[in-house]
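Chemist: need a structure here:
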Amino acid sequence: MTLTDVERRELERRSHSRKGRADDARRAQCILLLADGASWAQIRRQLRCGDTYIARWSRRFAAERLAGLYSRHCGQPASVLTPKLEARILEWTRRGPQDGTTHWSSRRLATRLGISHMMVARVWARHGFKPHRLERYMASDDPDFERKAAEVIGLYLNPPQHAAVFCVDEKTAIQALDRLDPVLPLSPGRAERHGFEYARHGTLSLYAAFDTRTGEVLGRTAERHTSAEFVAFLTDLLAHQRHGHAIHVILDNLAAHKTKLVEAFLEAHPTVRLHFTPTYASWLNQVELWFAKIERDLIARGIFTSQHDLKRKIMRYIRHYNKSMKPVKWKYADPRHRITTTLPVTVH
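Modeler: Model (predicted):
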């Protein structure tokens, strides 16, 4: 290492200064020893330092000369949440990561910004940000969406007098699954456990009609999902109603609901009228809420030894449900907004 006369005089001044900082003098002595040809072992013994110390300051002096011998504080993570820092956290959260991942975690974003992960979590909680959650939606492409939606919701909010309104749909391919291993029951500190292996005993389709006035459910199971089965279910539904009273049926746009067989049934029973929901708008059909309930209560964790066992348990569930049936209270979440293709309604 070669020093100019000016650099040597300055380094010697620092190394012998009685008023300067001791660490400045030590760094100056290190550079002077290197310039005088001293080995690293000699410098270690004389200054009582390590190789990392010698390498750091010799590298900085070689790059910046005397200016490189000033110590630099590396800084610490911000501990005070300022409006500027909060805005920066929100901006980075909305921007998303660029490291191949799909969303930020509080710790990864904190590492990227050099702050505490708890600070990120507090900002997210204050503004309702939940990057770990994902919600899906389906926008209807029906050009006549508003008219059809208004017709369906009108039947919920203001049904015709002396008429019954039913929401009808099919829950198809319900599997009769039987566990091969014994079920280990619930115990303190341990959830109920099912074996991984199972046996399949076929599938059934469940036809259900939800009475929007009372909440009563009329159900029927079938091995096949055809237009003939749908017409048979409508026939059962009609048999349970007062003769001559109008029946309004809300259902989706499945092809099995629009066959010639269905048209012939409607011609033979003029009191029955079908109301089709807009395409990709199954959330307008209240029976879907009941299907979600039976899925949670029975089907998801049920054990069925045969198709007959599955049918028996489904019908038993419907009978018990009808003992404490409740209608759905249907209203707009915000009446100031017009209904659109992606604006759902709140159900209580």
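Chemist: When you work out contacts or count neighbours from here on, use the C-alpha atoms and nothing else.
Modeler: Will do.
Chemist: Would you state the strands of the stretch 101-250 of the chain in chain order?
Modeler: Remark: strands assigned in the stretch 101-250 of the chain by DSSP state E, counting those that start in this stretch are 163-179, 198-211, 217-222, 246-251.
Chemist: Can you report how many residues neighbour the residue nearest to Leu177 when sequence neighbours are not counted?
Modeler: Once flanking residues are discounted, Leu177 sits nearest to Arg200: 4.9 Å by Cα to Cα, 6 or more residues apart in numbering. Using other Cα atoms under 10 Å, Arg200 has 14 other residues around it.
Chemist: quick one on the thing from earlier: got the strands of the stretch 101-250 of the chain as CSV, with mean pLDDT and distance to Glu12 columns?
Modeler: Converted to CSV, these look like this (pLDDT from 0 to 100; distance: least, Cα to Cα, whole Å):
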stretch, mean pLDDT, distance to Glu12
strand 163-179, 93, 85
strand 198-211, 93, 84
strand 217-222, 93, 96
strand 246-251, 93, 93
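Chemist: So which of those is the most surrounded?
Modeler: strand 246-251 (a mean of 22; mean count of other Cα atoms under 10 Å).
Chemist: Parallel or antiparallel, which strands does it pair with?
Modeler: Here strand 246-251 has these sheet partners by DSSP bridges: strand 163-179 (parallel), strand 272-276 (parallel).
Chemist: Among the ones you listed, which comes closest to Asp23?
Modeler: Closest to Asp23 of the strands paired with strand 246-251 is strand 163-179 (Cα to Cα; 73.7 Å).
Chemist: tell me the angle of the closest one relative to strand 217-222?
Modeler: Per axes from the mean of the first three to the mean of the last three Cα atoms, to 10 degrees, the angle that strand 163-179 makes with strand 217-222 is 50 degrees.
Chemist: gap between strand 163-179 and the chain center?
Modeler: In this view, strand 163-179 has its centroid 26 Å away from the chain centroid, taken as Cα atoms, centre = their mean, to the nearest Å.
Chemist: returning to what we had before: need the strands paired with strand 246-251 in a markdown table (columns: distance to Phe304).
Modeler: Formatted as a markdown table, those follow (distance: least, Cα to Cα, whole Å):
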| stretch | distance to Phe304 |
| --- | --- |
| strand 163-179 | 5 |
| strand 272-276 | 34 |
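Chemist: Great, nothing more from me.
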